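Asks: Provide a 3D model corresponding to the input given below.
(chains A and B)
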Amino acid sequence: MVDFKKLYSIFVDEAMERIAELEDGLLQFEKSSEDKELLNTIFRAAHTIKGSSGSIGLKDISAFTHHMEEILDMVRQEKLSPDKELINTLLDATDMIKEMVGCVASETVFDFGRCEGLLKRMEEIKKSPESGGKSQEIKTFKIIFAPSHDLFKRGIDPAMIIDDLRGIGEIVSIKCLTEAVPALSDMNPENLYLRWDIQLRTDKDASEIKNVFEFVEEGSEIKIFPVSTTGKDVPFIGKMLIDEGVVKAEDVEDALKSQKRLGEILAEQGKVSPVNVEKALEKQRNIKMDSFKKSVSSTIRVDLGKLDHLINIVGEMVIIHSMFQQAIQGGNWLSVTDNGGNGKNGSLMTHNSAQNMEALFSQLQRIGKDIQESAMSLRMLPVGEIFQRFIRLVRELSASKNKDIELIITGEDTELDKGVLEKIADPLVHLIRNSIDHGIETPQERLNKGKPEKGTIHLSAYQMGDAVYIDVEDDGRGLNKEKIVQNAMSKGIITNDQGLTDEQICNLIFMPGFSTADTVTDVSGRGVGMDVVKKNIESLNGKVYIRTRQDTGTTISIKLPLTLAIIDGLTVLIGEEIFVIPITSVVESLRPNRMEVKSLNEKVEVINVRGEYIPLMRLYEILGITSWKKDPWDAIVIVTMHEGRKYGLLADELLGEQQIVIKNLGTATPKVRGIAGGTILGDGRVALVLDVPGIAEMVKKQVTT
Amino acid sequence: MTQVLAERETGIRSEGQEYVTFSLNDEEYAFDALNIREIIEFGNVTKVPHLPDFFKGVINLRGTIIPVVDLKQKFGMGSRNYQKHTCVIVTEFSKGVMGVIVDAVSDVMYLSDESISATPSFGTKIRTDFIKGMGKVGDRLVLILDVNKVLTEEEASVINEQLTVSEQVSS
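Replies: Prediction:
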């Protein structure tokens, strides 16, 4: 029994890669339609999807992709010119395939009725005048197909090839030649002894027929000769494709017309409103895509070089291991033999072996570090993987907004942890959409301002220090600070604009509640859901910065840690327990004066930090630990920042700063508010990592209740 | 021990399983050996705030963090003195891996199904639905516990409520 689940998951992985290639290629091809090599790449991608889906029995996907492949082939032979409509259709078709593959991944049923519209569009394209040239003359070919004996072993079913042939034309006759089949006693049931003699009527030429045999060429004998014929009353290729399904074209169309979706029927009967049906459909699509995302994300493709590097270091470790063994044994041997003889020499040798040991140990340490780094690097993926999809986003959104916008991508080789990469895609979509929507002006406006008509969005990624930066830079109108201040005041986020720096003003757009679709959007700003963007990025221990200049543009810079797993932490002592506070959320640490601590009421205490009042949280109270230092002026306050507000956390003692590896507390441990996870300290003990946002939320509740 | 061996030899034909036995306050209990990953020394527990008392905290098991519970406390058997023989049975159950603190681990033994009788409906200190059966080893009795039921959280909270109720009654 074949494990279809495994096959499917391999197929999904591969198909998604091809689909990305297809999409990417099509977008590039639109710009440089002369690039033959690119066209071949696109064609190959479609061909591979068709082949692999067919080979695991996903006939519908295979048939659908076949149409794409045909169009691409016609473009390749210059029978069709790649105009916008063609590219759009192919892109839509790519999306459709993506959904189909998504359904395979999520093991849901894909409604192939949805393809009909696209199939018709593709038919139209194939029928378009240019394709009706002389090359569409229908000829009959005689094909002798003698596959190699080991075809089955290579996992190829010759019936698939014949199906493919049927896809490019009409099989007039087919004969299976059995003369090579040996006597039963000599027969190897795993070998293929059959040959076929096929008469194929098609408008394609011999080389295209040959393409069908691309995967079986090796070891097989394939002969294709044209047979003279009168190809007058042969139906058009489009009709023949309908005939493929054994039914007549009219029947197909009638059936299509009479067929209704469940949602439509329900809506007609007044059971649900069309809007609700639409919503449910949308939801269904989202669920499909979600489950698809999950099922795909569990595997990772690793650069072979990285893997080789890791294996090399592991090899080195094995060598050191045996050197250690030798050193230990050698040391023993020396000390034993020399004890009986020259004692002085013996101690010298032992001394030597101790030195040797030390050298070995430092080597082992180095290798350990290398292995750690290299194992970490396996999780790293180039950001290009997600950047590519923005080309499409920008292309479509800018068209719908009647703006001419170019997306420039740099630094797509910059690597990020897979976990970070997956979570950064949505915020980036948001930022780019904002730039297109609100940032970049209409072409007319731009001309009036003396800017080039075409707007640009620059998406760049680069590494600096131990962080990766992703910048979304547009040359639009910039943030309008006055409007932001006005809006923030009207929403009650700030009470007056006194003493606000430009930076602080810009950061107002990240405040929750600053959703300004109607007010700021019209004039200049972003702000729809920017708080969500910030939250998402902060959940990755990242930070967001804004730089903007009126009429020159806006740059939003996202700073991300290199990996999710390793963070810098501040270790503090509370009672007898050590806790770690992620340094990304720490502003400063201080010991307040007795005079600077005030309690507002029984529950809420504040400390005065250079004129600013910050709520004080006694960590030992929150965490229920007995502490020795209850007075803030004896202990230490770590000032942390969450959503633009500062919170003072009271700890007994500050121990230091160190890099830690965050681990979860085990699946069987109940979730605890205020604890983000744990880490293992140098002495093997577990220290808990504090969840600053979680604690801040707890403080908020206390202050408000 | 010979008894066990004899049983092991004669019991090959009949159905049975291996069990790890341990003691809580001088009474013998057992877990199905298939649920046990290893047995480690007790020590270096980091307390996790806001968890029920019997949740002692988390420990480092060769680089993985796992939670540990005190079975005696969970069963309301009092005494939290950890001694030399106190150890942690690392179990695998439906929710993951969990360390279980017991007074001492005594033995790994094979019990045939015939030597296990049904749960007594009264006379045990712990809830009967935690008990899979009662094993007979020579003249000793071993209560076989259901790891999944004992360690699942919902069950734990029930026990907690019962404890507080009984405490209130007794006070």
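Asks: Nearest to chain B within the stretch 51-200 of chain A, name that residue for me.
Replies: A:Glu107 (24.1 Å; C-beta to the nearest C-beta). (C-beta placed from N, C-alpha, C; glycine too.)
Asks: so A:Glu23 sits in a strand?
Replies: No: counting by DSSP: H, G, I helix; E, B strand; the rest coil, one finds A:Glu23 to be helix, located in no strand.
Asks: Excluding chain neighbours, give the residue nearest to it in space.
Replies: A:Thr94 (5.2 Å; C-beta to C-beta, 6 or more residues apart in numbering or on different chains).
Asks: Can you tell me how far that neighbour is from A:Gly25?
Replies: In this view, A:Thr94 and A:Gly25 are 10 Å apart by C-beta to C-beta, to the nearest Å.
Asks: avg pLDDT for whatever helix or strand A:Glu99 lives in?
Replies: In the assignment (DSSP states H and E), A:Glu99 maps to helix A:84-106. Looking at helix A:84-106 alone, the average pLDDT works out to 83.
Asks: For it, C-alpha coordinates in CSV please.
Replies: Provided in CSV are the C-alpha atoms of helix A:84-106 (Å, rounded to 0.1, in the frame of the first residue of the first chain):
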residue,chain,number,x,y,z
LYS,A,84,-1.6,41.8,-20.1
GLU,A,85,-4.7,39.7,-20.4
LEU,A,86,-2.7,36.6,-21.0
ILE,A,87,-0.4,37.2,-18.0
ASN,A,88,-3.4,38.0,-15.8
THR,A,89,-5.2,34.9,-16.8
LEU,A,90,-2.1,32.8,-16.1
LEU,A,91,-1.6,34.5,-12.8
ASP,A,92,-5.2,33.8,-11.8
ALA,A,93,-4.7,30.2,-12.9
THR,A,94,-1.6,30.0,-10.8
ASP,A,95,-3.7,31.2,-7.8
MET,A,96,-6.2,28.6,-8.6
ILE,A,97,-3.6,25.9,-8.6
LYS,A,98,-2.3,27.2,-5.4
GLU,A,99,-5.7,26.8,-3.9
MET,A,100,-6.0,23.3,-5.3
VAL,A,101,-2.7,22.3,-3.8
GLY,A,102,-3.8,24.0,-0.6
CYS,A,103,-6.8,21.7,-0.5
VAL,A,104,-4.6,18.7,-1.1
ALA,A,105,-2.5,19.8,1.9
SER,A,106,-5.4,20.4,4.2
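Asks: Now the element after that helix, going C-ward?
Replies: Scanning onward from helix A:84-106 (DSSP H and E), the first element met is helix A:116-127.
Asks: which helices and strands sit right next to the helix holding A:Glu99?
Replies: For helix A:84-106, the contact count by 3 or more C-beta pairs under 8 Å, 6 or more residues apart in numbering or on different chains; DSSP states H and E identifies helix A:4-31, helix A:59-76, helix A:116-127, helix A:274-296 as packing neighbours.
Asks: rank those helices by pLDDT, which is bottom?
Replies: helix A:274-296 (a mean of 58).
Asks: Could you tell me how many residues sit around residue 108?
Replies: Reading this off chain A. 14 (other C-beta atoms under 10 Å in any protein chain shown).
Asks: switch to chain B, that's the one I care about
Replies: B:Val108: 14 neighbours (other C-beta under 10 Å).
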